[in-house]
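In: my questions are about this predicted structure, shown below with the sequence.
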Amino acid sequence: MLKTAESGRIKSEREDMAKQKLNIKKEDRVLVTTGRDRGKVGKVLHVIPGKDRVLVEKINMIKRHTRGGASKTGQGGIIEKEAPVPISNLKVICGKCTEPTRVGRKALEDGRLVRVCKKCGEQLD
Ligand SMILES: [Zn+2]
């Protein structure tokens with residue numbers, strides 16, 4: 001009994017840590033590092049708030065069956081759309097060195113915190 005309670009607590013701590021590592025933003029170019037689309041590059045379309053997941057253009061496509069009954073075209077069929085990708089499966093690609101990189105944080109002179117490429121130091125924001 002005690003064990004179950006302990007593991008539950010550890011899990012929620014891990015989730016809190018993951019939230020702070022949200023270094024991917026809309027419009028970023030990202031590399032997929034694992035899964036079916038591993039090695040592909042795409043643009044971040046949408047960050048899903050609170051979920052550590054993003055939609056990436058043409059990555060993790062899923063097929064949706066539609067009946068089309070309610071739509072004006074009247075066409076049913078299959079449409080493809082992006083499914084959310086966990087941020088842990090992605091790496092940001094730096095616009096300057098064009099390599100997948102880890103993202104660091106740096107405070108500017110005016111106090112703003114910006115993201116930087118850990119490889120070349122280029123500002124990513
Ligand atoms: Zn770089």
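Out: Sure thing, it's come through.
In: isn't E82 right up against N60?
Out: Yes: judged on CB atoms under 8 Å, E82 makes contact with N60 at a distance of 6.1 Å. C-beta: built from backbone N, CA, C; applies to glycine.
In: residues from the protein in reach of the ion?
Out: Neighbours of the ion within the chain, by CB under 5 Å from the ion: 94, 96-97, 117, 119-120, 122.
In: so where do the helices sit in the protein?
Out: 2-20 (DSSP state H).
In: buried set for stretch 106-118?
Out: Residues of stretch 106-118 classed as buried: 115-117 (neighbour count, 16 or more other CB atoms under 10 Å).
In: so E82 and N60 - more neighbours on which side?
Out: N60 (21 against 17; other CB atoms under 10 Å).
In: show me which of the buried residues of stretch 106-118 is closest to K106.
Out: Of all the buried residues of stretch 106-118, V116 has the smallest distance to K106: 4.7 Å, by CB to CB.
In: that closest one contacts R105, doesn't it?
Out: Yes: with contact defined as CB under 8 Å, V116 and R105 form a contacting pair (7.0 Å).
In: quick one on the thing from earlier: need the buried residues of stretch 106-118 in TSV with pLDDT, can you?
Out: Formatted as TSV, the buried residues of stretch 106-118 follow (pLDDT from 0 to 100):
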residue	pLDDT
R115	95
V116	96
C117	96
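In: let's see which of those residues end up in strands.
Out: Of the positions in those, 115-117 sit in strands, assigned by DSSP state E.
In: ok, so of those, who is nearest the ion?
Out: Ranked by distance to the ion (CB to the ion), those are led by C117 at 3.1 Å.
In: the closest one pairs with what?
Out: As for beta bridges, C117 partners with V103 under DSSP bridges.
In: return the residues in contact with the spatially closest residue to V32 that is not a sequence neighbour.
Out: Distances taken as CB to CB, 6 or more residues apart in numbering place K40 nearest to V32, at 5.0 Å, with adjacent residues excluded. Listed by CB atoms under 8 Å, 6 or more residues apart in numbering, the contact partners of K40 are 31-32, 58-59.
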